[in-house]
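*Asks:* here's my sequence, what's the structure:
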Amino acid sequence: MKILYTEEKKFTQQEVQELFLSVGWISGQYPKRLYKALMNSSTVITAWDQDKLVGLARVIDDSELVAYMHYVLVHPDYHGCGIASQMIERVKEKYKDYLYLEIMPEESKNIAFYEKFGFQVMADGTAMQICNFSNKK
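*Replies:* Okay, the predicted model is just below:
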């Protein structure tokens, strides 16, 4: 299997919706908003198996100091193939001159995965958010 990686935002709204729903992420329930958010993101790295979108990493940055890798996701049929690792390494390379590259794993079980790439839990940090959605479309 040969996976193609690109920063070109050549995905469709339906393709990203299907990918996000495949991993059970609620943002897939808002396809128009999700697509617009991705199109307006600083960097979106996608992984393709021929014409199928199988992975995506999104980064938001301030153009100089801080980049936030907002999420990394891979279709369940492609877990264990090194796709997430490849996308993370590409993000690290692109943002190597920034002072900070940060990620906020939404589940603590994912911390060990990101530690393999050099990320460290902030000594006195904690994630915070305001949730402005319900389970309705």
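*Asks:* which element is residue 96 on?
*Replies:* Under the criterion of DSSP states H and E, residue 96 resides outside all helices and strands.
*Asks:* quick check: it vs residue 113, distance?
*Replies:* Distance of residue 96 to residue 113, given as Cβ to Cβ, to the nearest Å: 20 Å. Any C-beta I mention is one placed from the backbone N, CA and C, and that applies to glycine too.
*Asks:* the more surrounded of those two?
*Replies:* Neighbours per residue, other Cβ atoms under 10 Å: of residue 96 and residue 113, the larger number sits with residue 113, 14 against 8.
*Asks:* and that one, what does it touch?
*Replies:* Residue 113 makes contact with 84, 105, according to Cβ atoms under 8 Å, 6 or more residues apart in numbering.
*Asks:* okay, the one helix or strand it maps to in CSV with CA atoms only?
*Replies:* Taking DSSP H and E as the criterion, residue 113 maps to helix 111-115. Taking Å, rounded to 0.1, in the frame of the first residue of the first chain, the C-alpha atoms of helix 111-115 are listed here in CSV:
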residue,chain,number,x,y,z
ILE,A,111,-0.3,11.0,25.7
ALA,A,112,2.1,8.1,25.4
PHE,A,113,1.6,8.1,21.6
TYR,A,114,2.6,11.8,21.3
GLU,A,115,5.5,11.4,23.7
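*Asks:* residues of that helix that come out buried?
*Replies:* residue 114 (16 or more other Cβ atoms under 10 Å).
*Asks:* and for stretch 12-24?
*Replies:* 15-17, 19-20, 22.
*Asks:* in helices, which of those fall?
*Replies:* 15-17, 19-20, 22 (DSSP state H).
*Asks:* which stretches of this structure form strands?
*Replies:* Assigned by DSSP state E, the strands in the chain fall at 3-6, 43-49, 52-61, 66-74, 100-103.
*Asks:* in a markdown table, list the ones you listed along with mean pLDDT.
*Replies:* Listed next are the strands of the chain as a markdown table, based on pLDDT from 0 to 100:
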| stretch | mean pLDDT |
| --- | --- |
| strand 3-6 | 98 |
| strand 43-49 | 98 |
| strand 52-61 | 98 |
| strand 66-74 | 94 |
| strand 100-103 | 94 |
